[in-house]
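J.: Structure, please.
(chains A, B, C and D)
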4 protein chains.
Amino acid sequence: MSTQRDFPPAPELAISRWFNADDTPTLAGLRGEVVVIEAFQMLCPGCVSHGLPQAQRIHQTFGDELTVLGLHCVFEHHEAMTPVSLEAFLHEYRIGFPVGVDDYESGVTTPITMARYQLRGTPSLVVVDRAGRIRVHAFGQADDLLVGATLARLIDEPLP
Amino acid sequence: MSTQRDFPPAPELAISRWFNADDTPTLAGLRGEVVVIEAFQMLCPGCVSHGLPQAQRIHQTFGDELTVLGLHCVFEHHEAMTPVSLEAFLHEYRIGFPVGVDDYESGVTTPITMARYQLRGTPSLVVVDRAGRIRVHAFGQADDLLVGATLARLIDEPLP
Amino acid sequence: MSTQRDFPPAPELAISRWFNADDTPTLAGLRGEVVVIEAFQMLCPGCVSHGLPQAQRIHQTFGDELTVLGLHCVFEHHEAMTPVSLEAFLHEYRIGFPVGVDDYESGVTTPITMARYQLRGTPSLVVVDRAGRIRVHAFGQADDLLVGATLARLIDEPLP
Amino acid sequence: MSTQRDFPPAPELAISRWFNADDTPTLAGLRGEVVVIEAFQMLCPGCVSHGLPQAQRIHQTFGDELTVLGLHCVFEHHEAMTPVSLEAFLHEYRIGFPVGVDDYESGVTTPITMARYQLRGTPSLVVVDRAGRIRVHAFGQADDLLVGATLARLIDEPLP
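T.: Residues are numbered from 1 along each chain as shown, chains lettered A, B, ... in the order given. Below is the predicted model of the structure:
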């Protein structure tokens, strides 16, 4: 029997700075909504060619039915992908959804949120349901048909 | 108010010959299942590059959750796209789902099923719900995310 | 030491019917010109997705500097790819250069020209120089940069 | 009548720093060779999807027959595309040919080499012949067949 206990709770995001956001999104504040988190690095080729375009298609296709957040989790070349560079990247690639910079603890290479979610790398797609639980946790390329089906089901799911 | 009367009943298929099928599929016999109909012509470039690959992805992604049927509705170059040519085409392009040849009335250019469904051309994607009603009727290229979402919702829909 | 004897003479084409041609092209008649031969089958997926589009790009890019000929060499599913089907195919895929149907000897599966050129399959790209010698003989996908370079060199080559 | 005076001399490069280079390439030092210059910005989507992959294909296809140089000419978002960011970009996108950072005069937005060549933007493809003259000067996407043909002809051209 499958119960809600099967799905782990989504840890809160630790963000040092937001782009494309008027306020400061938190998973706590978004409880009740389906949240799609696209974890990326701006200099990761697979993120540029697959992950981010898919996140943009999700944003355009599902509109107000869910919330898309980018998570810039830099775990290599830290000086090369600062917020200054990220801001120009988001402008040039016309990323319109909110993007948060994953925060660091002093002296630790892997950023905080990336560690909390145990992400294997970028791009990673994480989907959090209305009850704040992790329902998708996928590294690499995810299929649009399957992602579309999963998102529709999570959108339609009643709150537990 | 939306009621089930908003969705037109799906007319029965008129098929002269089936490929990739042990029996003779009918919409009446498939009542209770979601049925995806990919209407195509084997010499239509958009069908070869977009419509049929999408139908194959649907077939692979959703497996037993729904039924995918190809409908070869030839409305031009009739002598060029006979069942003999279609059979080789299905083999070469590795189309694994059942494909029916849309039947004709003597002296009429547009095949019977194509006329019943008032299809504008090929490729066209038609989706029939478990209650036998037309829920998707799309000419041209359809977006995978949106198709995936729609199919999931129809699969999850209780019988009316 | 490399001499012109290294390049085999291109056998004449054996064509049962031409499309997109006012006259009857022959390699003998085209002596003095660079001739690009795109050997294909209309139901071969690699021909449709790669070989023929490349031949069309060659036709558009080099225009009058060389002659592009299609060679429909059917070695399987013969009844599925008759001239009637080919004619509709050429129309639908907007193939504008002359295409010849490779001829047969009674009871032999492999068509005559295909056998003369010892083609391994389709798509195959064959390039004949101004002196009637085979200079390119490539099965599968050929790189545009390399093909462009080779064609320019053959176009610029003085007659021996 | 066309004479060599029709082709303008290629101005020297003004480079503040080289990557992927043991020495300091100059056009003067490369006189006698065909030089392909790919002008790009690391955050320019068209450079990432088209210009740089084409330069890599040229590098792989023509090998020692010519020299490929990248020119990082940043004319916007200067703080976002510093040499530190460029170095990580070249690593992640596996760019193996030498890349020079276009130099600046204090207070001028457009970098020096970009101004000397009157480039309209990025990506731009510039080809310099063995005699140090500009033979290709193309903004945007260039066709592989045509580029291949042009490069072969310049490689084969005797020194004037």
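J.: Could you use CA atoms for every contact and neighbour count after this?
T.: Fine.
J.: just checking, residue A:97 touches residue A:64?
T.: No. Assessed by CA atoms under 8 Å, residue A:97 is found out of contact with residue A:64, at 11.8 Å.
J.: Neighbour count: the two, which is higher?
T.: residue A:97 (18 against 10; other CA atoms under 10 Å in any protein chain shown).
J.: Next, that one: secondary structure please.
T.: coil (DSSP: H, G, I helix; E, B strand; the rest coil).
J.: For it, list the residues it contacts.
T.: If you count contacts by CA atoms under 8 Å, 6 or more residues apart in numbering or on different chains, residue A:97 has them with A:20-21, A:56, A:59, A:68-70.
J.: By neighbours, which of those residues wins?
T.: In the contacts of residue A:97, the most neighbours by other CA under 10 Å go to residue A:70, 26 neighbours.
J.: ok, what's across the strand from that residue?
T.: residue A:38, residue A:99 (DSSP bridges).
J.: where are the low-confidence patches of chain A?
T.: Along chain A, the model assigns pLDDT under 70 to residues A:1-5.
J.: can you pull the contacts of the residue positioned nearest the centre of it?
T.: Residue closest to the average C-alpha location in chain A (CA atoms, centre = their mean): residue A:37, at 1.7 Å. Residues counted as contacts of residue A:37 (CA under 8 Å, 6+ apart) are A:68-71, A:125-128.
J.: For stretch A:83-97, C-alpha coordinates in CSV please.
T.: The C-alpha trace of stretch A:83-97 is given here as CSV (Å, rounded to 0.1, in the frame of the first residue of the first chain):
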residue,chain,number,x,y,z
PRO,A,83,25.6,36.4,-9.8
VAL,A,84,26.9,39.2,-12.1
SER,A,85,27.5,36.6,-14.9
LEU,A,86,24.2,34.8,-14.1
GLU,A,87,22.2,38.0,-14.5
ALA,A,88,23.6,38.5,-18.0
PHE,A,89,23.0,34.8,-18.8
LEU,A,90,19.3,35.0,-17.8
HIS,A,91,18.9,38.2,-19.9
GLU,A,92,20.5,36.7,-23.0
TYR,A,93,18.7,33.4,-22.8
ARG,A,94,15.4,35.1,-22.0
ILE,A,95,14.7,33.1,-18.8
GLY,A,96,11.6,34.6,-17.4
PHE,A,97,10.9,32.6,-14.3
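J.: how distant is stretch A:28-47 from the center of its chain?
T.: 1 Å (CA atoms, centre = their mean, to the nearest Å).
J.: tell me which residues in that stretch are buried?
T.: A:30, A:32-47 (16 or more other CA atoms under 10 Å in any protein chain shown).
J.: Inside strands: which ones of the residues you listed?
T.: A:35-40 (DSSP state E).
J.: out of the residues you listed, which one sits closest to residue A:132?
T.: residue A:35 (8.6 Å; CA to CA).
J.: How much space separates the closest one from chain B?
T.: According to CA to the nearest CA, to the nearest Å, residue A:35 stands 16 Å off from chain B.
J.: Distance of that residue relative to chain D?
T.: Counting by CA to the nearest CA - residue A:35 and chain D are separated by 27 Å.
J.: Over to residue A:101?
T.: 15 Å.
J.: Surely that residue touches residue A:15?
T.: Yes. Between residue A:101 and residue A:15 there is a contact under CA under 8 Å: 5.3 Å.
J.: ok so, going back, report the two of the contacts of residue A:97 separated the most.
T.: Checking those with CA to CA, the most distant pair is A:21 and A:56, at 15.6 Å.
J.: Buried ones in stretch A:81-92, by neighbour count?
T.: A:81-83, A:85-90.
J.: Many thanks, have a good one.
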